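Colleague: take this sequence and fold it.
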Amino acid sequence: MIGILGAGAFGTALAVTLGREQPVTLWARRGVAKLELELPPLVRLTSDIETVTEPTVLLAVPMQALGGLLREHAAQLEGRALVACCKGVDLATGHGPTALIAEACPRATAAILTGPSFAADIARGLPTALTLATADEAAGEALQRQLSTATLRLYRTTDTVGAELGGALKNVIAIAAGVVIGAGLGQSARAALMTRGYAEMQRLALALGARADTLAGLSGLGDLVLTCTSEQSRNFRYGQALGAGAGFDPAVTVEGRATAAAVVALAARREIDMPITAMVDALIDGRVTLPQAIQTLLSRPLKQE
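Modeller: Coordinates of the predicted model:
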């Protein structure tokens, strides 16, 4: 049995696909996301978080809300398998999801589920492959079996740092890719942006202890390709609007916005050069204009790849 905290698009999609095969309790604070699919009979919907008592709980809330949720309900969640389903870096602490879990619930099994996926695809039963990362290898094997379905295939790793940073950093690069397309700079510019963005992702992640093979896998390169090339990506759409000088619905969660600010601060402390991330953060914050951001990146010194 599985509990899911958060009934946004991703949490609801996971409830739909997992609930086709096993009992699921889905906690919704404000209602269930609309995916044009009915919840399976095995999914129990609740607005009372105290009734989510399953030993495995998926935390499908936005990254910037995760720390508060864990602190508020630490006593209830302690000792369980807690699987974060969000991507980003916490602005308040600079930590990723598993570190937040470990701080709030030190006796829990901290894990993260991440990789190239859109909620609508998962809910519709389209083939999807994700990365499940936890430092506890035995727990990872058990979670892999429990959370895999006929159409949702999970690959296991103990590299939580790499899995977290791949999922977080690609959102920032996806915003930049959207800016490129929105500003009419062309497909060649997007390809270059993605490639150099991936180099930035590697620089920071490897410096923080991630493995290169993790960044080259589903949670890094795979997720980067998906979110930089599809308008289903909220981060890409936000960047596209930014590049075109158009408005964007403030109610839509764009994880890459806060992640950019958090990563700029983290990279500065480590003295790691991340020019694309820095320009995304400055552009979002209004410290530079789009022409200034483009000129700054294009005027960087020529060097070896």
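
Colleague: how close does S230 sit to A183?
Modeller: When Cβ to Cβ, to the nearest Å is applied, the distance between S230 and A183 equals 18 Å. From N, CA and C alone the C-beta is placed, and that goes for glycine too.

Colleague: which residue of the two possesses the greater neighbour count?
Modeller: A183 (19 against 13; other Cβ atoms under 10 Å).

Colleague: strands of the protein, start to end?
Modeller: 2-5, 24-27, 43-46, 56-59, 81-84, 109-114, 128-134, 152-157 (DSSP state E).

Colleague: so, low pLDDT: which residues of the stretch 1-150 of the chain?
Modeller: Low-confidence segments of the stretch 1-150 of the chain, defined by pLDDT under 70: none present.

Colleague: correct me, but T158 touches E137?
Modeller: Yes: distance between T158 and E137: 5.7 Å, which falls inside the contact criterion (Cβ atoms under 8 Å).

Colleague: of these two, which one has the most company?
Modeller: With other Cβ under 10 Å as the criterion, T158 and E137 differ in neighbour count, and T158 comes out ahead with 15 against 11.

Colleague: just the pLDDT at the more buried one, thanks.
Modeller: If you check T158, the pLDDT there is 98.

Colleague: quick one: contacts for it?
Modeller: T158 sits next to 133-137, 140 when contact means Cβ atoms under 8 Å, 6 or more residues apart in numbering.

Colleague: in a markdown table, list the residues you listed along with distance to Q295.
Modeller: Output for the contacts of T158, formatted as a markdown table (distance: Cβ to Cβ, whole Å):
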| residue | distance to Q295 |
| --- | --- |
| A133 | 39 |
| T134 | 44 |
| A135 | 44 |
| D136 | 48 |
| E137 | 48 |
| G140 | 46 |
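
Colleague: ok, and the most crowded of the residues you listed?
Modeller: Ranking those using other Cβ under 10 Å puts A133 first, with 31 neighbours.

Colleague: residues touching the residue lying closest to that residue once chain neighbours are set aside, list them.
Modeller: When the adjacent residues along the chain are set aside, A133 lies closest to A163, with 3.6 Å between them (Cβ to Cβ, 6 or more residues apart in numbering). For A163, the contact set (Cβ under 8 Å, 6+ apart) comprises 112, 114, 131, 133, 157, 214, 219.

Colleague: quick check on the most centrally placed residue in the chain: phi, psi?
Modeller: Taking Cα atoms, centre = their mean as the criterion, K87 is the residue nearest the geometric centre of the chain, at 2.2 Å. When quoted as degrees, to the nearest 10, the phi and psi of K87 stand at phi -130, psi 120.
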